[in-house]
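Enquirer: Next comes the sequence, and after it the predicted model I'd like to discuss.
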Amino acid sequence: MSNYSDVKKKLDTVSSCFCLAKWTTVTLHLESGTNHSCHHPKVHDTPVEELVGNPAALHNTKFKIQQRKGMIEGNRPEECGYCWNVEDLKSESAISDRIIKSSAPYSMADYEKIKLNPYDNKLVPRYVEASFSNTCQFKCSYCSANFSSSWAEELEKHGQYHNRHGENYMKIYKEDENPYIKAFWEWWPDLKRDLDTFRITGGEPLLSPNTFKVLESLLVNPEPNLSLNINSNLGAPEVLVNKFINLIGQLSATKSVRELIIYTSIDAFGARAEYIRHGLKHDQFWNNVDRLLSADERTQVIIMCTFNALSITTYVELLQKICEVNEKHKNANRPVPLEIDIAYLRHPFHQTVNILTDDYIPQMESIVKFIEANQMHQSPKGVGFHNLHTIKATRILEWMKKGDSPASKRRNQADFYKFFTEHDRRRNKNFLETFPEMDKFWNYCKQMAETV
Ligand code: SF4
Ligand code: SF4
C-alpha cells in the first residue's frame, strides 16, 4: 500500500496508537543484551531467563508485549515519543514513522496475523537489525560508549563530559562469551526463513567476526528471499574492507540473497563531516563507496544521515555529491545506486538542529528547495531525490520552526559550547577552523555558557 493516508486509516481501525513496527521489526543489541522495536524508543533489557527454550524472546520480551498491549488499547507508549512529536505537529506534510514503517509491504502483510494473535511470544519479526559488538574505531560526536568502544576508551582516559553525567552505561559482553549471541545463533535457522530483511549494525560490523560468519553462512545456505543489509562506517582497515567487498561480490554473483544493501553514514561534507564523525576520512569514505558500487551491478549503498546542527552549512554539497555518484553508477538493474535517508538527531539535545538560532531557518529552507528542485522524475539524467526526501527535510524544517522553550534552548546552546570546547581539547580539533561560517553562532553559544 503506497498511500500513507490509507495505511493510517487501516491502523486506526485497531487504534490511533497502533504501529505494526512494534511487532514486525526489532533491533537487537546483542553485545549488551538489549533491544528495541525500532531504533527510536530507548533500548530495554532482554532478560536472559526469558530466552530459555525460546530464543524468540530476543524480540518478544515481556516488556515489549506490554507496550503492544498499550497500543492495541489506544494508549501511546511513552517510548515512541519520536512519532508522537511528529504527529502532534498536526501538519499534513509531517508524516510519522509509525505510518512510514507500518507501510512497509512486509509489515502490512502481517497485519491480519498480528490482529489475530497480538501477544504471541514466539512471533518472528520480518525486519531484524542486530549488532554483535560495540567495537568501533570511530568516535562520532553524537555517539556514546554503549555503541563505540573508542568512545568508551576516551571516557576512561578523560572522564565524562560535563553534561553527559548520569548516562546509563550498559554492561558489554565479550563477543565469544555472550549468551545473547548464543541465543541468536540458536534462533537463526528459524529466523532467517521468515525474514524479509536482516541488517547487521554495530559498533563497526566489519570489526566483528560474527558479521563474516553471517556472510559465509549465507554463501553455504542461501536465502534467496532475504534482503541482506550491512552497516559500515567504511573506515575499517583495508584488509577487512577487501574481504568484505569480495564476499559481497560472491553473494551477489551466486544470487544467495535477494538483494544486498550497504548502509553507511555521513552527515555533512568535507572537513565538517570528518569533524562530526571523528575517525572518518572523507576521501577514503567516498573511495570505498565507489569501490562497493563498482564491485557488482546490484549492490546498493544507502547513507543514513543523522541531520544535526553541524550538517546545515554543507548539506547541499553532500546532496550534490550523491547526485554525482548516482550519475556514474546508475544502470538498468540499479536505478538508484546511492540513496540517502534523512533522519534528524534528537539526542544529545545540544547537537540537534533545535539549538540553532532563527537565522539558520532560511538555510534549511534552501535545503528543502534544493531537494524539491532536483526531483529524480524531472531530471534529464534520471538522478536526484523523491517525495520522501522532501517529506523528511520538511519535517526537520518544521521542527526547527516549532523551536524549543527559550530556557531549554539557552541551556542546550550553552551545552553545545561546553561540549565542543572539551571535545576539541580531547581530540585536538578546532571548531572555528572547521566551521568558520558559524562563528557568530559559536560566540552566541559562548555567551550562553557564560550566563546560563
Ligand atoms: S510508533 Fe514510531 S517509535 Fe514506536 S515502534 Fe512505531 S515507528 Fe517506532
Ligand atoms: S561509526 Fe557508528 S558506532 Fe562508531 S562511533 Fe560512529 S555512530 Fe558510533
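Expert: Sure, I can see it. Residues are numbered from 1 along each chain as shown. Ligands and ions are numbered 1, 2, ... in the order given.
Enquirer: Name the nearest residue to Phe431, sequence neighbours excluded.
Expert: Phe420 (5.1 Å; C-beta to C-beta, 6 or more residues apart in numbering). Placement of C-beta: from N, CA and C, glycine included.
Enquirer: same question, Thr313
Expert: Nearest to Thr313 is Glu437, by C-beta to C-beta, 6+ apart, at 5.3 Å.
Enquirer: got the contact list for the residue in the stretch 301-450 of the chain that ligand 1 sits nearest to?
Expert: Of all residues in the stretch 301-450 of the chain, Arg346 sits closest to ligand 1, at 11.1 Å by C-beta to the nearest ligand atom. By C-beta atoms under 8 Å, 6 or more residues apart in numbering, the contact set of Arg346 is Tyr82, Thr352.
Enquirer: What is the three-state secondary structure of it?
Expert: Secondary structure assignment for Arg346 (DSSP: H, G, I helix; E, B strand; the rest coil): coil.
Enquirer: follow-up on the earlier one: where's the residue nearest to Phe431, which helix or strand?
Expert: Mapping Phe420 onto the secondary structure by DSSP states H and E places it in helix 406-427.
Enquirer: Just confirm yes or no for that helix near ligand 2.
Expert: No: judged by C-beta under 6 Å from any ligand atom, helix 406-427 and ligand 2 are separated, with a smallest distance of 12.6 Å.
Enquirer: Show me which positions of that helix end up buried.
Expert: 409-420, 423-424, 427 (16 or more other C-beta atoms under 10 Å).
Enquirer: What helices and strands are in contact with that helix?
Expert: helix 431-434, helix 439-451 (3 or more C-beta pairs under 8 Å, 6 or more residues apart in numbering; DSSP states H and E).
Enquirer: okay, it in CSV with CA atoms only?
Expert: Output in CSV follows, covering the C-alpha atoms of helix 406-427 (Å, rounded to 0.1, in the frame of the first residue of the first chain):
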residue,chain,number,x,y,z
PRO,A,406,13.7,29.7,25.4
ALA,A,407,15.1,28.5,28.7
SER,A,408,15.8,25.0,27.3
LYS,A,409,17.2,26.4,24.1
ARG,A,410,19.7,28.6,26.0
ARG,A,411,20.7,25.7,28.2
ASN,A,412,21.3,23.5,25.1
GLN,A,413,23.3,26.2,23.4
ALA,A,414,25.5,26.6,26.5
ASP,A,415,26.0,22.8,26.5
PHE,A,416,26.9,22.9,22.8
TYR,A,417,29.7,25.4,23.5
LYS,A,418,30.9,23.5,26.6
PHE,A,419,30.8,20.1,24.9
PHE,A,420,32.7,21.1,21.7
THR,A,421,35.2,23.1,23.7
GLU,A,422,36.1,20.0,25.7
HIS,A,423,35.7,17.8,22.6
ASP,A,424,38.3,19.9,20.7
ARG,A,425,40.7,19.8,23.7
ARG,A,426,40.5,16.0,23.9
ARG,A,427,40.6,15.3,20.2
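Enquirer: I'd like the average pLDDT over it.
Expert: Averaged over helix 406-427, pLDDT sits at 97.
Enquirer: mind checking the end-to-end distance for stretch 109-122?
Expert: 18 Å (C-alpha to C-alpha, to the nearest Å).
Enquirer: what residues does that stretch touch?
Expert: 10, 14, 20, 23-24, 54, 56-57, 60, 65, 68-69, 72, 123, 126.
Enquirer: Out of those residues, which end up buried?
Expert: 10, 14, 20, 23-24, 56-57, 60, 65, 68, 72, 123, 126.
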